[in-house]
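Colleague: Let me see the structure of the following:
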Amino acid sequence: MPVTVVILAAGQGKRMGSDLPKVLHPLAGRPLLAHVLDSARELEPAAVRIVHGHGAEEVREAFPDEDLGWRLQAEQHGTAHAVAQALPGIPDEHRVLVLFGDVPLIGAETLRRLCDTAEKAESADLVLLTATLPDPAGYGRILRAADGGVSGIVEHADATEEERRIRETNAGVMVASARDLRRWIAGLSNDNAQGEYYLPDVVAPAVAEGARVAAVEVDDPDEVLGINDKSQLAEAERGYQRARARELMEAGATLADPARVDVRGELTVEGDVFIDVGAVFEGEVSLARGVRIGPNCTIRASRLGPDTVVHPNTVMDGVTAGAACELGPFARLRPGTELAERVKVGNFVEVKNSRIGSGTKISHLSYVGDASVGRDVNIGAGTITCNYDGAAKHRTTIGDGAFIGSGVMLIAPVEVGAGATIGAGSTISKDAPPDKLTVARSRQAEVRGWQRPARKPR
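Modeller: Reported below is the predicted structural model:
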């Protein structure tokens, strides 16, 4: 049976203390709602509808996908009222899976189990997702009949002492046919303290008419953690990172401290990878076998080859590195950097939009931008490729085996031939021939009679 996903994302989130709509607050570098959408799309649903309200335009602009159906809840009158805004146009026979834009850790496998339970002919008309919590205070408790089916939900404030000892709680996520949801929601009352229509209240009319109500318990309670304030957002961030850390270790990575690694994108690793504390990964990053990441590194949208070592406090963005490279400490590698094997980029070196050949060393205190550097080149300390003339960028080409002395300025566009040597302190503005020593220094002179200015006594 086709599934239509309805995601409730209309809340203002006053307790967040922010003008940003709640579902746009970042978790692992992406909006809360983006994580829910990722899980929903893995089900390959017939449609995804998002009920939005507070900050509606801002939320829509953050997700310009054409395959999303937006439904406005102009006035928020509860979760059942929100679902009602999405139901028009959904075929009666579709299963409707209701998710929440502020419950970001829900996994696709959990949602698949929920839908599979609803799909089985002998199973249920309404399926609820539940979680067993060590401290269920404040949550609605799941009441079960003798046959194990759900007989009702009782809120904490209305529960008896015996009912409060129940640790299985309602997570809010549910699946039912569009036909049934329409009928059950239409009969709900808002006779409560908030004057709102609550989605869990559909359980009562479902049970009353003899519908089969089942529950699927989530394996990890972190999956149904809702975000209402910054403290819960931080808790969800840790929950997300714990899950990513487990995945990395299962793939063969060693983490110095699983609690001090942050994955804010897609990180793939091969065996024998080591990641030290404070590492942050953003975008799509891949680490080949034997890669070692030192403490406090930030690596974004990069691919590192086997046995490459990244020393502490190195920042990388848009980098491709071959095998056995040595990078950092305190290096910055910017987009467009392509390193062959055995390249060394040392401390306080910046590389941007450059191809660096195998075995080349840029050991310290240099800037290489918009350059093509051959293999086995030595670039001395304090060397700069002067690539920008104030209007346009220009390229520097350095041939295989060249030796660039310390403190050299290479004024692009310029080419240094293979095997060439550039004397320290030179400013090179013309092509340097291969296999020759090129020196370009002004003559040193002593200025006789010069005296250093002195301050006047006070």
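Colleague: Which residue ranges of this structure form helices?
Modeller: For the chain, the helices defined by DSSP state H cover 32-41, 56-62, 79-86, 108-119, 161-164, 178-186, 203-208, 230-250.
Colleague: Just the buried residues of the last one, please?
Modeller: For helix 230-250, the buried set under the neighbour-count rule, 16 or more other C-beta atoms under 10 Å, comprises Leu233, Ala236, Glu237, Gly239, Tyr240, Gln241, Ala243, Arg244, Ala245, Leu248. Yep, even glycine has a C-beta here, placed from its N, CA and C like the rest.
Colleague: Need the helices of the chain in a markdown table (columns: mean pLDDT and distance to Tyr388).
Modeller: Putting the helices of the chain into a markdown table (pLDDT from 0 to 100; distance: least, C-beta to C-beta, whole Å) gives the following:
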| stretch | mean pLDDT | distance to Tyr388 |
| --- | --- | --- |
| helix 32-41 | 96 | 36 |
| helix 56-62 | 93 | 34 |
| helix 79-86 | 95 | 53 |
| helix 108-119 | 92 | 47 |
| helix 161-164 | 92 | 69 |
| helix 178-186 | 95 | 60 |
| helix 203-208 | 92 | 66 |
| helix 230-250 | 95 | 39 |
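Colleague: Can you say which of the ones you listed is nearest to Gly148?
Modeller: For Gly148, the closest of the helices of the chain is helix 108-119, at 12.5 Å, according to C-beta to C-beta.
Colleague: Now do that closest one against helix 32-41, angle only.
Modeller: 50 degrees (axes from the mean of the first three to the mean of the last three C-alpha atoms, to 10 degrees).
Colleague: Met16: which of the helices of the chain is closest?
Modeller: helix 230-250 (6.3 Å).
Colleague: Next, the angle from the closest one to helix 32-41.
Modeller: Going by the same axes, to 10 degrees, helix 230-250 makes 50 degrees with helix 32-41.
Colleague: which strands and helices sit next to helix 230-250?
Modeller: strand 26-27, strand 254-255, strand 261-269 (3 or more C-beta pairs under 8 Å, 6 or more residues apart in numbering; DSSP states H and E).
Colleague: May I have that helix as CSV, with CA atoms only?
Modeller: The C-alpha coordinates for helix 230-250 follow below in CSV (Å, rounded to 0.1, in the frame of the first residue of the first chain):
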residue,chain,number,x,y,z
LYS,A,230,18.6,24.4,23.6
SER,A,231,19.4,21.8,26.3
GLN,A,232,17.5,19.1,24.4
LEU,A,233,19.1,20.2,21.2
ALA,A,234,22.5,19.7,22.8
GLU,A,235,21.3,16.3,24.1
ALA,A,236,20.2,15.3,20.6
GLU,A,237,23.5,16.4,19.2
ARG,A,238,25.3,14.1,21.5
GLY,A,239,22.9,11.3,20.7
TYR,A,240,23.6,11.8,17.0
GLN,A,241,27.3,11.8,17.5
ARG,A,242,27.2,8.7,19.7
ALA,A,243,25.5,6.9,16.8
ARG,A,244,28.1,8.1,14.3
ALA,A,245,30.9,7.2,16.6
ARG,A,246,29.6,3.6,16.9
GLU,A,247,29.3,3.4,13.1
LEU,A,248,32.9,4.5,12.6
MET,A,249,34.3,2.1,15.2
GLU,A,250,32.2,-0.8,13.6
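Colleague: Show me the beta-bridge partners of Asp262.
Modeller: Beta-bridge pairing for Asp262 (DSSP bridges): Val280.
Colleague: Now the spatially most central residue of the chain: closest residue in space, sequence neighbours ignored.
Modeller: The residue lying closest to the centre of the chain (C-alpha atoms, centre = their mean) is Arg264, at 2.8 Å. Leaving aside its sequence neighbours, Arg264 sits nearest to Gly29 (C-beta to C-beta, 6 or more residues apart in numbering; 3.2 Å).
Colleague: So the one you found sits against Leu267, correct?
Modeller: No. Using C-beta atoms under 8 Å, Gly29 makes no contact with Leu267, being 11.9 Å away.
Colleague: out of those two, which sits in the more crowded spot?
Modeller: Leu267 (24 against 16; other C-beta atoms under 10 Å).
Colleague: The more buried one pairs with what?
Modeller: Beta-bridge partners of Leu267, as defined by DSSP bridges: Val285.
Colleague: cool, and Val368?
Modeller: Assigned bridge partners for Val368, using DSSP bridges, are Val351.
Colleague: Distance check, it against His81.
Modeller: Per C-beta to C-beta, to the nearest Å, Val368 is found 60 Å from His81.
Colleague: Neighbour count: the two, which is higher?
Modeller: Val368 (27 against 20).
Colleague: I'd say that one and Ser354 touch.
Modeller: Yes. Between Val368 and Ser354 a contact is recorded at 5.2 Å, counting by C-beta under 8 Å.
Colleague: coming back round to it: compile the helices of the chain into TSV and extend it with columns for distance to Ala324.
Modeller: Listed next are the helices of the chain as TSV, based on distance: least, C-beta to C-beta, whole Å:
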stretch	distance to Ala324
helix 32-41	35
helix 56-62	41
helix 79-86	54
helix 108-119	37
helix 161-164	61
helix 178-186	58
helix 203-208	61
helix 230-250	22
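Colleague: looking at these, which is closest to Glu326?
Modeller: Shortest distance between Glu326 and the helices of the chain, using C-beta to C-beta, is found for helix 230-250: 22.7 Å.
Colleague: and the direction of the closest one versus that of strand 261-269, what angle?
Modeller: 30 degrees.
Colleague: contact partners of helix 230-250?
Modeller: Residues outside helix 230-250 that contact it (C-beta atoms under 8 Å, 6 or more residues apart in numbering) are 16-17, 25, 27-28, 35, 104-105, 220, 222, 225-227, 255, 258-259, 261-263, 267, 269, 273, 275.
Colleague: what does stretch 185-194 give?
Modeller: By C-beta under 8 Å, 6+ apart, stretch 185-194 touches 77-78, 80, 83-84, 87, 196-199, 201-202, 205.
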